[in-house]
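Engineer: Quick one, what's the 3D model for this:
(2 chains)
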Amino acid sequence: MKAVYTFALMTLRMLTRRRTLWGILLVMLLALAAIASVPSFDVANQGRFILDFGLFGIEVGALFLALGLAANLYPRDRETKTVMPLLAVPLSRWQYLMGRFFGAALVQAGALIVSCLGLMVILSMNGMHIPGDLLPATLLIVVEGWFLLSTVFFFSFFTSPPLNWPLTTMLFIVSQMSVAEFTGLIPSASGLMRFLRLLLPHADVFHIKDPIAHGFEIEPVYFAVALFYGICYSAFMLSLALAVFRSRDLK
Amino acid sequence: MRITATVLLALLLTASGCRIDYDVEEVAPAEHLESGHSHNHSSEEQTETLHEHDHESGTCEECGDHSSHDDFDAAHEEHYNHEHEPYSSESCREHDRNDEFEALQAGDSHDHNDECTCEACSGHSNGVHEEQHEEFSSGPSGHLHASGDRNHGTQWFFNQPWAAPFIWSKLLRDGAIFLVLSVVLFFLTRRKNR
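Structural biologist: Numbering: from 1, shown residues only, chains lettered A, B, ... in the order given. Predicted coordinates for the structure are as follows:
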């Protein structure tokens, strides 16, 4: 595990030196500020709109962060032949994948928490109440971001970065659909569609922006269940990615 | 190891409970869904849970059953039959929405006083705030729901996983299955040489 830890720190340092991270983070904060500056036209409870759209913005930011950080990690390593000496001696393939994943996951989590703090500042500057569940809600979005990150890694082992973006975005959209909506895409093959949906994640598990915006209490056990579900699904995607990576001939 | 993994996979595939996906609405127990269209309109809830009614035919558009809405109909009838004074009949919006009331407007006598500011009487500054009157002050659609309750307009809200504890066990089930699958995949694809 020490090899994974060291490689994760190397990845973290490498990613924080890239402009991609800071660019996406800046865009996210600007988007949050823009949401708050939309005039309320005297509509009551403007804070609900800021919270709702703010958390949605953070979620979309998680998608862009996953793509921006990880879509070209492996392709670049392979193009520059960095992966060859890494895999020749110090690291096995699963250690390489886990090191890259944990490094990117830490950077992504940090950026999302900074966005959450930005949202809190915007709410307080507008004199609005900051709900207690805002940070746990962001934590669930962080877990959703890890799932997206593992998906990006999975696609990056057999597609180019330009193809990785639409594929991951498509999976992100499809995973938001309910079983009925997904089956309705091809009603003639409902059995097949239900089976495919079984393999796809239920991303709505990570969405609690609606109850937070409307002042509903979330039971703490739900956070634990959702965290467990998200981490397990991320592990599944990573194992799929590892299976693809192990089958690749790097010569 | 591969044999163990294969047995595990086979068990997962053969167990019917592991092959069933779910929507909250599909697996929701009756008590979770029935509040979406309450048939228990108590007299106190009448103003809060009224939904679209076809008062011409006396049936409910949603359920087709009017037997459980007798209380509402009685209140409605009572409202139709209240007395109006001639001077305010021409601007009562509530009555403008109901053709049946035009016949009453000709010879009615109004009890409206000068304190009413409800939407139903916004055309003039008088009116009586009786319970029946408030039933019609909820807007053009003619019904009002209590905030925070499940109804036909908010069922999407309450069909989310955080509001449906009965699927949390299924989430745990899915999580456990994906965890097992990831471990199986990890060992199945392991190579002897790096």
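
Engineer: Can you report how many residues lie near the residue of the stretch 1-150 of chain A found nearest chain B?
Structural biologist: Closest approach between the stretch 1-150 of chain A and chain B, counting by Cβ to the nearest Cβ: residue A:92, at 5.1 Å. For every residue, glycine as well, the C-beta is placed using N, CA and C. Residue A:92 has 16 neighbours, counted by other Cβ atoms under 10 Å in any protein chain shown.

Engineer: List the buried residues of the longest helix seen in chain B.
Structural biologist: Counting by DSSP state H, the longest helix found in chain B is helix B:168-188. Within helix B:168-188, the residues scored as buried using 16 or more other Cβ atoms under 10 Å in any protein chain shown are B:168, B:170-171, B:173-175, B:177-182, B:184-186.

Engineer: again with stretch A:64-71
Structural biologist: Buried residues in stretch A:64-71 (16+ other Cβ under 10 Å): A:64, A:65, A:66, A:67, A:68, A:69, A:70, A:71.

Engineer: Also near chain B: which of these, exactly?
Structural biologist: Among the buried residues of stretch A:64-71, no residue is within reach of chain B (Cβ under 8 Å from any Cβ of the partner chain).

Engineer: out of those residues, which one sits closest to residue A:194?
Structural biologist: When the buried residues of stretch A:64-71 are compared for distance to residue A:194 (Cβ to Cβ), residue A:66 comes out closest, at 27.2 Å.

Engineer: Quickly find the element holding residue B:144.
Structural biologist: Assigned by DSSP states H and E, residue B:144 belongs to no helix or strand.

Engineer: re earlier: does anything pack onto the longest helix of chain B? Which helices or strands?
Structural biologist: If you count contacts as 3 or more Cβ pairs under 8 Å, 6 or more residues apart in numbering or on different chains; DSSP states H and E, helix B:168-188 packs onto helix A:220-247, helix B:2-14.

Engineer: Pick the most deeply packed of those.
Structural biologist: Among the helices and strands packed on helix B:168-188, helix A:220-247 has the highest mean neighbour count (mean count of other Cβ atoms under 10 Å in any protein chain shown), at a mean of 20.

Engineer: Wait, a helix at residue A:86?
Structural biologist: Yes - applying DSSP: H, G, I helix; E, B strand; the rest coil, one finds residue A:86 inside a helix.

Engineer: Tell me the pLDDT of it.
Structural biologist: As predicted, residue A:86 sits at a pLDDT of 83.

Engineer: wait, it sits on residue A:77?
Structural biologist: Yes - here residue A:86 reaches residue A:77: they are 7.5 Å apart, a contact under Cβ atoms under 8 Å.

Engineer: What are the contacting residues of stretch B:165-176?
Structural biologist: With contacts defined as Cβ atoms under 8 Å, 6 or more residues apart in numbering or on different chains, stretch B:165-176 is touched by A:202, A:205, A:219, A:221-222, A:225-226, A:228-229, A:231-233, B:17-18, B:22, B:24, B:27-29, B:32, B:161.

Engineer: Near chain B, which residues of chain A are found?
Structural biologist: A:87, A:92-94, A:178-180, A:194-195, A:197-198, A:202, A:204-205, A:207-208, A:210-211, A:214, A:216, A:218-219, A:221-222, A:225-226, A:228-229, A:231-233, A:235-236, A:238-240, A:242-243, A:246-247.

Engineer: go with 7 Å
Structural biologist: With Cβ under 7 Å from any Cβ of the partner chain as the criterion, chain A comes near chain B at residues A:87, A:92-93, A:178-180, A:194, A:197-198, A:204-205, A:207-208, A:210-211, A:218, A:222, A:225, A:228-229, A:232-233, A:235-236, A:238-240, A:242-243, A:246.

Engineer: And the helices in chain A?
Structural biologist: With DSSP H as the definition, chain A shows helices at residue ranges A:2-16, A:19-36, A:46-70, A:73-79, A:83-88, A:93-125, A:134-156, A:161-174, A:179-183, A:190-199, A:209-213, A:220-247.

Engineer: The longest one: which residues count as buried?
Structural biologist: In terms of neighbour count (16+ other Cβ under 10 Å), helix A:93-125 has its buried residues at A:93-113, A:115-116, A:118-120, A:122-123.

Engineer: Let me see the contact set for the most centrally placed residue in chain A.
Structural biologist: Geometric centre of chain A, nearest residue: residue A:145, 1.5 Å, by Cα atoms, centre = their mean. Contacts for residue A:145 (Cβ atoms under 7 Å, 6 or more residues apart in numbering or on different chains) come out as A:62, A:65, A:66, A:108, A:112.

Engineer: so what's the nearest residue to residue A:152 once chain neighbours are set aside up against?
Structural biologist: Nearest non-adjacent residue to residue A:152, counting by Cβ to Cβ, 6 or more residues apart in numbering or on different chains: residue A:70, 4.3 Å away. Counting by Cβ under 7 Å, 6+ apart, residue A:70 touches A:104, A:149, A:152, A:153, A:156.

Engineer: if you set the cut-off to 6 Å instead, what comes out?
Structural biologist: A:104, A:149, A:152, A:153 (Cβ atoms under 6 Å, 6 or more residues apart in numbering or on different chains).

Engineer: Just put those residues in TSV and tack on pLDDT.
Structural biologist: Output for these, formatted as TSV (pLDDT from 0 to 100):
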residue	pLDDT
A:104	94
A:149	94
A:152	94
A:153	94
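
Engineer: Just the buried residues of these.
Structural biologist: Neighbour-count burial (16+ other Cβ under 10 Å) applied to these gives A:104, A:149, A:152, A:153.

Engineer: what sits against the last one?
Structural biologist: Listed by Cβ under 6 Å, 6+ apart, the contact partners of residue A:153 are A:70, A:241.

Engineer: re the thing from before, how far away is the residue of the stretch 1-150 of chain A closest to chain B from residue A:7?
Structural biologist: Distance of residue A:92 to residue A:7, computed by Cβ to Cβ, to the nearest Å: 11 Å.
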